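Colleague: Model the following, please.
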Amino acid sequence: MANQSGARDLRRRVRVETPENVVLDLEVAGLGSRALAALIDSFIVLVWIIAVVLLSNLIGSMTGGGTWLGALTVLILFGSTFGYFIAYEGFGRGQTPGKRFVGIRVVQGTGHPLSVGAAVVRNLLRIADLFPPPSYLVGALFVAFHPQGKRLGDLVAGSIVVRDRPHEAKPADALAPSAEAGADLGAPELSDEEFVLLRHFLDRATGLEAGVRARLAGQLAARLSDRAPEVASGGQAALQTLFTQELARRRGRLASRGAVRSRGAVGEQFAARKRERWAEFDAQLAVARRDGLNGFDANTLLEFAARYREMAADLARARTYGASPAVIGGLERSVSAGHNLLYRDERKTLRRVWTVFARECPASVVHAWRYVLAGFLLFTVPAAAGYTFIRERPDLAVQLLPDQILQRAEAGAGRAQEGAKYFEADPRVRPYVATFIISNNVRIAFMCFAGGVFLGVGSLVLLAFNGLAIGTISGHFANVGLLGYLIEFIVGHGVLELFAIWVAGAAGFLLGKSLVAPGRVSRSEALVLNGRLAVRMVGAATVLLLVAGAIEGFISAGGWGLGLRLGVSGASLLLLVAYLANGARYLRELKDTVYGRRDGSIVLRGDSASARGA
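Modeller: Numbering: from 1, shown residues only. Purely as a prediction, here's the structure:
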């Protein structure tokens, strides 16, 4: 793409069409601006983490401490890692503080505002972008070389990062007088070609080196001096004054008198007439950005919507009339901002959150049961193989198992005779143990999901490795006659924890399937469609791991007998069945109202706004 000065424009752009059939030309954010935003956000998160730790220590010293305070601190710190980006992008119109400072924003590939689900997907996939850790090499390469600057998270979420306010020079006519003032100055004196040339120079003058600017100003003044002698020695200031007067003439009643209108001049005259209307819309837009549309009363909201449609139509006319790039760029930014405000996702209410986690998340697991079954098999087959192998070659346990496991097995016989359990935590620290277990298991689930974007291989490796580890550990405990001792510890929380890991792996397989066998749709479309389903599966896994972690921290890590542990295990199984049954019921309700069903992939109701361009 080349600009009107003939220089090649290396900026990447993406074109989206609004419901008003107007094409928006959005500038893709580059690697530099995104890296700067990431550094700012990382610094903010670091400051937040330090503040939380210091505040926790201060409160602990004043109140005598307490494990509940420590447990809450662990949860806050873990949630901050992903929650910061998800909350700001999902609820902050696609902008974190770093992105807002740099002037970039995340939007859907359709131009719609970023949905909360898409914000969750793109930020959970940060784990995949970090490979090889901690270099962020994969993410940087995708941003640098993808035509639309998309990293892996953007590919799955169907999102794109664009410039929110491109750094362009202020238009030359920003402070020009009104049409009424132009009526006193008479008809235009410059030809259309000369007027457009003068405007292009003034629009770009601030970006030129001083020597180049002075040389071009002198050449332009020499060309115009026969009709405007005052510019011959006045430099750029005189050219600005001439342009202001000429623009006022073209806004006035005598604008039609003069040279035959060229296409570019028609665009300039159109922009001159409409400038005040556009400024009024921008003023409303500033209020809407600050307070949201809910800050408008009914009449103002209707007026804002009507003016948005007028702006969209004006953008189409400006392109047709050949208006300057500065005019078209300003209109595009205004129309894009109005579009994002009006075509926002449904309201994020607590009721909506409940529907997602209580109904849509288990519904996604039921819908993808084949993938969950695959996750189960890819976990249990290596587990069985590891168990069998270590039973047949018990001497290899010293080489394969961690020292901590070997020591627990060695001390297990004595502990069992004393009536002690595999692991018993002091009751005062059990809240901290529970939160540590929850954060660790949820992190593993996120990794299992994110690994699926590498053709499903990452999810497969994590599932198989964890299965193999559990199998070999169980085989070693069986060799020393302590398998029941180990199972007694696992039985309380194992049902929910293991199932959640299988679900997270299944979510990763959905991503891998999108790349390996997308079916009758493109790989990019399959990624977006299956990503919406997979992120709900991760949500279900997170819910189950929260319950499983609480059980492990307070029951499994306690001195409770086998009877209570079996009772908790049975209750957790009933909870799991009820949770999935609720999802199946919701899925049946949506059978005729699912927004889209393509090649076995579904888009649930909450994705309808962002699915329009899928």
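Colleague: On the three-state scheme, the most centrally placed residue in the chain is what?
Modeller: Within the chain, one residue has its C-alpha closest to the average C-alpha position: by Cα atoms, centre = their mean, that is residue 119, at 3.4 Å. For residue 119, the assignment made with DSSP: H, G, I helix; E, B strand; the rest coil gives helix.
Colleague: Touching, it and residue 92? I think so.
Modeller: No. Residue 119 is beyond contact range of residue 92, at 9.3 Å (criterion: Cβ atoms under 8 Å). (C-beta placed from N, C-alpha, C; glycine too.)
Colleague: Quickly list the domain ranges of the protein.
Modeller: In the domain annotation for the chain, the residue ranges read 13-163, 179-342, 366-412+427-584 (automatic domain parsing).
Colleague: looking at the ones you listed, which is buried most?
Modeller: Stretch with highest mean neighbour count among those: domain 366-412+427-584 (a mean of 20; mean count of other Cβ atoms under 10 Å).
Colleague: quick one: that domain to chain centroid distance?
Modeller: In this view, domain 366-412+427-584 has its centroid 27 Å away from the chain centroid, taken as Cα atoms, centre = their mean, to the nearest Å.
Colleague: Number the residues from 796 up from this point.
Modeller: Understood, numbering begins at 796; the last thing we discussed is domain 1161-1207+1222-1379.
Colleague: got the end-to-end distance for it?
Modeller: The first and last residues of domain 1161-1207+1222-1379 sit 6 Å apart, counting by Cα to Cα, to the nearest Å.
Colleague: Strands of this structure, start to end?
Modeller: When secondary structure is read from DSSP state E, the chain shows strands at 808-812, 818-822, 899-903, 954-958, 1391-1393, 1396-1398.
Colleague: which stretch among those strands comes nearest residue 1256?
Modeller: Residue 1256 lies closest, by Cβ to Cβ, to one member of the strands of the chain: strand 1396-1398, at 24.4 Å.
Colleague: quick one: average pLDDT of the closest one?
Modeller: For strand 1396-1398, mean pLDDT is 44.
Colleague: if I look at the residue nearest to the centre of the chain, how far off is residue 1330?
Modeller: Going from residue 914 to residue 1330 by Cβ to Cβ, to the nearest Å gives 10 Å.
Colleague: How about residue 1041?
Modeller: For residue 1041, the distance to residue 1330 under the criterion Cβ to Cβ works out to 56 Å.
Colleague: likewise residue 1378?
Modeller: The gap separating residue 1378 from residue 1330 is 15 Å, by Cβ to Cβ.
Colleague: okay, and for the stretch 896-1045 of the chain, where does confidence drop off?
Modeller: When the per-residue scores of the stretch 896-1045 of the chain are filtered using pLDDT under 70, the ranges that remain are 927-930, 960-983, 987, 1001-1003, 1027-1029, 1045.
Colleague: rerun at 50
Modeller: Counting by pLDDT under 50, the stretch 896-1045 of the chain contains low-confidence ranges at 961-965, 967-978.
Colleague: Could I get the strands of the chain in CSV, plus columns for distance to residue 1030?
Modeller: As requested, the strands of the chain are arranged in CSV below (distance: least, Cβ to Cβ, whole Å):
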stretch, distance to residue 1030
strand 808-812, 35
strand 818-822, 32
strand 899-903, 36
strand 954-958, 32
strand 1391-1393, 61
strand 1396-1398, 60
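Colleague: Looking at the ones you listed, which is nearest to residue 1120?
Modeller: Between these, strand 818-822 lies closest to residue 1120; by Cβ to Cβ that is 10.2 Å.
Colleague: Listing partners with orientation, what would you give for the closest one?
Modeller: With DSSP bridges as the criterion, the sheet partners recorded for strand 818-822 are strand 808-812 (antiparallel).
Colleague: got the contact list for the partner strand?
Modeller: 796, 818-823, 904-906, 943, 955, 957, 1408 (Cβ atoms under 8 Å, 6 or more residues apart in numbering).
Colleague: one more time with 10 Å
Modeller: Under the contact criterion Cβ atoms under 10 Å, 6 or more residues apart in numbering, strand 808-812 has outside partners 796, 817-823, 902-907, 942-945, 955, 957-958, 1131, 1134, 1408.
Colleague: now swap in stretch 1174-1186 and tell me
Modeller: With contact meaning Cβ under 10 Å, 6+ apart, stretch 1174-1186 is reached by 1191-1192, 1195-1196, 1257-1274, 1278, 1293, 1296-1297, 1300.
Colleague: What of stretch 1073-1089?
Modeller: For stretch 1073-1089, the external contacting residues (Cβ under 10 Å, 6+ apart) are 888, 969, 1066, 1090-1091, 1095-1096, 1098-1100, 1102-1103, 1105-1106, 1109-1110, 1113, 1122, 1125-1126, 1128-1130, 1132-1133, 1135-1137, 1139, 1142.
Colleague: Of those, which belong to helices?
Modeller: Counting by DSSP state H, the part of those found in helices is 1066, 1095-1096, 1098-1100, 1102-1103, 1105-1106, 1109-1110, 1113, 1122, 1125-1126, 1128-1130, 1132-1133, 1135-1137.
Colleague: isn't residue 1322 right up against residue 1313?
Modeller: Yes. Between residue 1322 and residue 1313 a contact is recorded at 8.0 Å, counting by Cβ atoms under 10 Å.
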